[in-house]
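Asker: next comes the sequence, and after it the predicted model I'd like to discuss.
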Amino acid sequence: AQSVTQLDSHVSVSEGTPVLLRCNYSSSYSPSLFWYVQHPNKGLQLLLKYTSAATLVKGINGFEAEFKKSETSFHLTKPSAHMSDAAEYFCVLGGGGNKLTFGTGTQLKVEL
Amino acid sequence: DAGVIQSPRHEVTEMGQEVTLRCKPISGHNSLFWYRQTMMRGLELLIYFNNNVPIDDSGMPEDRFSAKMPNASFSTLKIQPSEPRDSAVYFCASSFGRDTYEQYFGPGTRLTVT
């Protein structure tokens, strides 16, 4: 069975401090993993993707994620948060006929 | 590229009325997906097409919902009759290839049924 768990529904950081959004997955297949971001009243935008190449994946806007098979994790990080990073972030698992399994989302709040 | 285009962006309608949501996928993409997003249930896949053929409609909530893809550049999601519990944001997404998983989302249609 395919599943993805986002461990925090809300994360709050100060501007300029690091961001960590946690995601664990369960998959029968060799997984494809994605992080999407959704700004208020907008569609989902692909941040980065892992598809069995390098385990450290770099995305847009300074975000990156590391695939750790031993921990079944795909956590999203950014060294220094910016106010514009405030949004909802979805960890997404691909597998099984082009269908995506979405996490429940993590709301990131960035404070001055 | 203009990205995935959805119309209308907002729709307010009365219970019992027919609602039609429209989507134009990215040119060259051959898979199209309809999702519904609510606070209670998050993002749900309703149906997806590959090469204009419905592959999986197991997420369509009931017979009031129907989706069509008459050609590679256009799809509709219809609700008839609409009910207040259908109020949600409906997203269309497209991708290239059958198993690539990387999907590009439209801006969504916010539907309110009163």
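Answerer: Received, thanks.

Asker: pLDDT score for the residue positioned nearest the centre of chain A?
Answerer: In chain A, the residue lying closest to the centroid (C-alpha atoms, centre = their mean) is A:Trp35, at 3.6 Å. In this model, A:Trp35 is scored at 96, pLDDT.

Asker: cool, the one 10 residues further on as well?
Answerer: Note for A:Gln45: predicted pLDDT of 92.

Asker: list the contacts for the residue nearest to the centre of chain A?
Answerer: A:Trp35 is in contact with A:21, A:23, A:46-49, A:59, A:63, A:65, A:74, A:76, A:89-92, counting by C-beta atoms under 8 Å, 6 or more residues apart in numbering or on different chains. Glycine gets a C-beta too; all of them are placed from N, C-alpha and C.

Asker: now, which of those residues lie within strands?
Answerer: Among these, the ones falling in strands (DSSP state E) are A:21, A:23, A:46-49, A:65, A:74, A:76, A:89-92.

Asker: tell me the SS of the residue of chain B found nearest chain A?
Answerer: Closest contact between chain B and chain A, by C-beta to the nearest C-beta, is at B:Tyr101 (3.1 Å). Under DSSP: H, G, I helix; E, B strand; the rest coil, B:Tyr101 falls in the coil class.

Asker: show me what the residue in chain A that chain B sits nearest to is bridged to.
Answerer: Proximity of chain A to chain B (C-beta to the nearest C-beta) peaks at A:Gly94, 3.1 Å away. In this structure, A:Gly94 bridges to A:Ser32, A:Leu100 when assessed by DSSP bridges.
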